[in-house]
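1. Give me a 3D structure for the following:
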Amino acid sequence: MSEPKSSTCTRLAEVMNITHDSVNRFLLRESYEPKDLFDEAKCLLNLVGGTLSVDDSTLDKAYSQRMELPVNYRIYDKAEGKTKNDYFRDMLDEALAWGLQPDFMTGDSWYACVDNLKAVKNHRLGFMFAVESTPRYPAR
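-> Now for the predicted structure:
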């Protein structure tokens, strides 16, 4: 479920017409991992071929017509000492180990660093990442 306004147990209970206590008990009892998301989504995916895209948010955006299926995720934890790029490489390795076999990888300029592009290339994936434009210098 997604809640754009207020993501609290109270709000979930209100939206789903269940008790606040049942939401709390559910969250305390369950422990979901990124692999659980993949396992739920894989029946809707073509595991071989296609394009795998990386983004730092799965929130709906006003300019997007639809959201494709996420296959992996991370919730940023400052205590881990990892960067967005570290998370990207970890998630790419995991998704491939889980059986996803994309032909191509895309991402915005944030993920277009050398280490990430080398990781994608080492997995023998084609790729297209945006790059920041550099200032043009006048011809001499």
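
2. Would you mind listing the buried residues in the helix ranked longest in the chain?
-> In the chain, taking DSSP state H as the definition, the longest helix is helix 84-97. Applying a neighbour-count criterion of 16 or more other CB atoms under 10 Å, one finds Asn85, Tyr87, Phe88, Arg89, Met91, Leu92, Glu94, Ala95 buried in helix 84-97. Any C-beta I mention is one placed from the backbone N, CA and C, and that applies to glycine too.

3. I'd like to know which elements that helix is packed against.
-> Using 3 or more CB pairs under 8 Å, 6 or more residues apart in numbering; DSSP states H and E as the contact criterion, the secondary-structure elements in contact with helix 84-97 are helix 34-41, helix 114-122.

4. one step back: with pLDDT and distance to Ser53 as extra columns, can I get the buried residues of helix 84-97 in a markdown table?
-> A markdown table is the format used below for the buried residues of helix 84-97 (pLDDT from 0 to 100; distance: CB to CB, whole Å):
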| residue | pLDDT | distance to Ser53 |
| --- | --- | --- |
| Asn85 | 94 | 16 |
| Tyr87 | 94 | 15 |
| Phe88 | 95 | 11 |
| Arg89 | 97 | 15 |
| Met91 | 96 | 12 |
| Leu92 | 97 | 11 |
| Glu94 | 97 | 16 |
| Ala95 | 96 | 11 |
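
5. what's the domain layout of the chain?
-> According to automatic domain parsing, the chain comprises the domains 1-31, 32-129.

6. remind me which residues of the chain are low pLDDT?
-> Low-confidence segments of the chain (pLDDT under 70): 1-7, 58-68, 134-140.

7. so which helix or strand takes in Tyr76?
-> Remark: Tyr76 resides in no helix or strand, with elements defined by DSSP states H and E.

8. Alright, calling it a day.
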